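Sequence and predicted structure below; questions after.
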Amino acid sequence: MHETTRTEEAALARGRGQPVGVDLDPARRPGVPRMHAPEPLPRTRFPPERQQSRVTVFMHRRPHKTFPPVFGTSVPPRGVSGLVRRAAFRSPDHHMRHWTLLLLADRVDLWEHRARRLLKVAAPAIVALAGIRAGVRALAR
């Protein structure tokens, strides 16, 4: 024989065909005091203003896809990695070439960063070494 749960028995006893949930009554729902129609919060600008930027940001290839009102420009594309990113955005988003070039640009950007950091240390060391070498030559004469 088919066993029924208490909720099913209660629903069948009331003459309904479906079980009743615990939070069917709105007064028993935990989120009822917070339930309200969505509206902008006070002292907010709605709709948000478009961000103005003088930084070159690559656009999407799809004409109907736009950037959000606020987008990141803290690290603009530059150097070889910027050229690779520019090449990546010449191809559509759905091509593998687009995403592969973006991954390559990330790797190139990492190596550019490492080279810049190494140059800050290596350049003074090379200048100091050249100065010491010139001093030794002057003393030897």
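The structure has been received and is ready for your questions.

So residue 76: helix, strand or coil?
When classified by DSSP: H, G, I helix; E, B strand; the rest coil, residue 76 comes out as coil.

Show the contacting residues for residue 127.
The contact partners of residue 127, by C-beta atoms under 8 Å, 6 or more residues apart in numbering, come to none. For every residue, glycine as well, the C-beta is placed using N, CA and C.

okay, it: pLDDT?
As predicted, residue 127 sits at a pLDDT of 86.

same check, this time on residue 113
On the pLDDT scale, residue 113 gets 91.

May I have the phi/psi pair for it?
With angles defined as degrees, to the nearest 10, residue 113 sits at phi -60, psi -40.

mind listing what it touches?
Counting by C-beta under 8 Å, 6+ apart, residue 113 has no contacts.

Now do it against residue 133, distance only.
Residue 113 sits at a distance of 30 Å from residue 133 (criterion: C-beta to C-beta, to the nearest Å).

Same question for residue 104.
The spacing between residue 104 and residue 133, counted by C-beta to C-beta, is 40 Å.

Give me the more crowded residue out of those two.
Comparing residue 104 with residue 133 by other C-beta atoms under 10 Å, the one with more neighbours is residue 104, at 15 against 10.

ok, the more buried one - contacts?
Applying C-beta under 8 Å, 6+ apart, the residues near residue 104 are residue 84.

so it is in which element?
helix 96-140 (DSSP states H and E).

Now residue 97. Nearest residue, chain neighbours left out?
Nearest residue to residue 97, sequence neighbours excluded (C-beta to C-beta, 6 or more residues apart in numbering): residue 91, at 4.8 Å.

where does the one you found land in three-state SS?
Strictly by three-state DSSP, residue 91 counts as coil.

Quick check: which ranges of this structure have low pLDDT?
Low-confidence segments of the chain (pLDDT under 70): 1-24, 26, 28, 31-36, 55-74.

hang on, isn't the residue nearest to residue 97 packed against residue 98?
Yes: between residue 91 and residue 98 there is a contact under C-beta atoms under 8 Å: 4.6 Å.
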